[in-house]
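Chemist: make a model of this:
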Amino acid sequence: MRIRALFLFLILVFPLFSACRRASQDVFVIPPATHPLTRHYIGYGVVNVSFTHLMSEPGPGGVSRGHLRRGTVLRVLERQHITGQGGARSWVLVEPVSEFVGSGSPPEGNYQSPPVPPRGWLAEVTVEIFDRESRAITASRAMGP
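Modeler: Numbering: from 1, shown residues only. Model (predicted):
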């Protein structure tokens, strides 16, 4: 009977001790080839509304410098948070990626008229931001015409 109790005790206690052992500390982390802080841009974005104005400065005081259409792929250079009467709003400084301007499926995609200035500001809610250009192009193609 004592042997049975000892055996039962070992069966119940052994899993508790085996679950508490430390995991191996030999995990290696390989940093990316280009550190994110060394890039000259935040990422890539795609215009997610049918039509939006490209502004000369962030906030309501800016002047329209042109317009962008749904599916336009952009390089996002900077982000600013502007607080006004309507609350806080984020703005992003962008420049269009020349091959994919317009709406629809790049590279056959549509044209942009009038020509878009090289840089301008958009409200961040009008842009979906991605970490890679390939993901932004895929999202632009998925938006369709």
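Chemist: what sits against the residue lying closest to F130 once chain neighbours are set aside?
Modeler: Leaving aside its sequence neighbours, F130 sits nearest to A136 (Cβ to Cβ, 6 or more residues apart in numbering; 4.5 Å). In short, each C-beta sits where N, CA and C put it, glycine included. If you count contacts by Cβ atoms under 8 Å, 6 or more residues apart in numbering, A136 has them with 43-46, 73-74, 97, 128, 130.
Chemist: can you do 10 Å?
Modeler: 43-46, 72-76, 97, 100, 106, 127-130 (Cβ atoms under 10 Å, 6 or more residues apart in numbering).
Chemist: and the helices in this protein, which stretches?
Modeler: With DSSP state H applied, the chain shows helices at 2-19, 133-143, listed in chain order.
Chemist: could I get the ones you listed as TSV with distance to R65 and mean pLDDT?
Modeler: TSV is the format used below for the helices of the chain (distance: least, Cβ to Cβ, whole Å; pLDDT from 0 to 100):
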stretch	distance to R65	mean pLDDT
helix 2-19	62	72
helix 133-143	21	90
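Chemist: thanks again, I'm all set now.
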